[in-house]
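J.: coords please:
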Amino acid sequence: MQHPNLLPLLGVCPESRQFVYGLMQNGSVDDALHGRRPPGAAGPVRLDWAARTRLGCEAAAALQHLHTAHPMPIVHGRLQPSTILLDEHLRGRLGDAGVAATFGAHQVRQATPYLAPEVAAGCQPTPASDLYSLGVVLLQLLTGSEPAGLVRHMADAARTGAIDCTTDPCAGGWPLEDAVKLCQLALRCTAEDAGSRPRLASDLLPALCRLSGRAESAVRLSTSTSASSQEPPAMLICPITQDLMEDPVVAADGFTYSRAAIEEWQRSGHDTSPMTNLRLAHRHLTPNYTLRSVALEWRAARDKGLS
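T.: The predicted structure is shown next:
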């Protein structure tokens, strides 16, 4: 199964119950949140608030792809920061997909703060239980805190209007409105009653896409920062080609792509989103002038740094 936010699976060893994946140079989201240096890296990976918002959206997009897989939906069952790997562009790649289906549901029932209450009580993992795990991950991206007791702590913070006191300072100046919205979405995902959690396709994913788009639009690269790096930031990478975007456009799914890449996707007969696997409401493409401007600034800064 291929998706821009799923970790490429190279093989499976049933005897030792191990999956073999491609190497992700930047470690995991868990490494980044704890300031650990990935093997071979010069230092720990820093995730600012915009990157964390995008990673939450990417994790949701990967889940949506799994939950709509054919001929049978796939429940992830092990979603947590350690199973979200970071590629060379700091895009999230969800690993361990299908562990429950391959090795048995009992493999995912070890008591952790990411486990939905109904699964901890003995029920089978479901797409709704994946949403609970995602909610805890979203709260960790927001706060940088450990997962134990985090849901209750953030519910209290939301109730008392103290969310601004909980955001991770390592993420930079998280806009309060965006932090509140992300917290509210996460708390809906972690509802005790599985039936009260949001629908991923029609509710949660579009909301996360909007938040990610707002973050993307808010980011402006300074010349001094851009000139020091030859690697383009993740928001300038096309999800389809994994290359620097040319003529970025927004499709009906809310994601931004290179115009040539998404047009080729549509010409090849696809009527679904490359990111969510959902049917596209229309084929109209809207130029993303904000991202185009950022790309031009980055190229100019890079070229100046090389001269």
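J.: and the strands in the protein?
T.: Assigned by DSSP state E, the chain shows strands spanning 9-13, 18-21, 84-86, 92-94, 248-250, 256-258, 286-287.
J.: looking at these, which is nearest to residue 157?
T.: strand 84-86 (23.7 Å; C-beta to C-beta). C-betas here are computed from N, CA, C, even on glycine.
J.: contacts for that closest one, please.
T.: 7, 21, 24-30, 32, 45, 55, 59, 92-95, 137 (C-beta atoms under 8 Å, 6 or more residues apart in numbering).
J.: can you rerun that using 6 Å?
T.: Residues outside strand 84-86 that contact it (C-beta atoms under 6 Å, 6 or more residues apart in numbering) are 7, 24, 26, 28, 29, 59, 92, 93, 94, 95.
J.: determine which two of these are furthest apart.
T.: 26 and 59, at 15.5 Å, using C-beta to C-beta across the contacts of strand 84-86.
J.: more crowded one of those two?
T.: residue 59 (27 against 21; other C-beta atoms under 10 Å).
J.: check contacts around the more buried one.
T.: Applying C-beta under 6 Å, 6+ apart, one finds that residue 59 lies in contact with 84, 92.
J.: pLDDT weak spots in this protein?
T.: 1, 98-110, 220-230, 305-307 (pLDDT under 70).
J.: related to what we said a few turns ago, mind giving me JSON lines with the strands of the chain and columns for mean neighbour count?
T.: As requested, those are exported to JSON lines (neighbours: other C-beta atoms under 10 Å):
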{"stretch": "strand 9-13", "mean neighbour count": "11"}
{"stretch": "strand 18-21", "mean neighbour count": "14"}
{"stretch": "strand 84-86", "mean neighbour count": "24"}
{"stretch": "strand 92-94", "mean neighbour count": "25"}
{"stretch": "strand 248-250", "mean neighbour count": "22"}
{"stretch": "strand 256-258", "mean neighbour count": "24"}
{"stretch": "strand 286-287", "mean neighbour count": "12"}
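J.: can you say which of those is nearest to residue 75?
T.: With distances scored as C-beta to C-beta, the stretch of the strands of the chain nearest to residue 75 is strand 92-94 (12.6 Å).
J.: and that closest one, what does it pack onto?
T.: Counting contacts by 3 or more C-beta pairs under 6 Å, 6 or more residues apart in numbering; DSSP states H and E, strand 92-94 packs against helix 49-67, strand 84-86.
J.: which one of the ones you listed lies nearest to residue 262?
T.: It's helix 49-67; of the helices and strands packed on strand 92-94, that one is closest to residue 262 (C-beta to C-beta) at 15.1 Å.
J.: which of the helices and strands packed on strand 92-94 sits most buried?
T.: Across the helices and strands packed on strand 92-94, averaging neighbours per residue (mean count of other C-beta atoms under 10 Å) puts helix 49-67 on top, at a mean of 26.
J.: and the closest residue to residue 261 other than its chain neighbours, how many neighbours?
T.: Spatial nearest neighbour of residue 261, chain neighbours left out: residue 240 (4.2 Å); criterion: C-beta to C-beta, 6 or more residues apart in numbering. Counted with other C-beta under 10 Å, residues neighbouring residue 240 total 18.
J.: closest one to residue 163 among the helices and strands packed on strand 92-94?
T.: Proximity to residue 163 (C-beta to C-beta) singles out helix 49-67 among those, at 13.0 Å.
J.: quick check, residue 273 in contact with residue 253.
T.: Yes. The pair residue 273 / residue 253 is scored as a contact, 3.7 Å apart, by C-beta atoms under 6 Å.
J.: give me the neighbour count for residue 216.
T.: 21.
J.: can you check residue 187 too?
T.: Neighbours of residue 187 under the rule other C-beta under 10 Å: 18.
J.: helices of the stretch 101-250 of the chain, start to end?
T.: Along the stretch 101-250 of the chain, the stretches classed as helices by DSSP state H, counting those that start in this stretch are 117-120, 127-143, 150-160, 176-189, 205-218, 223-227.
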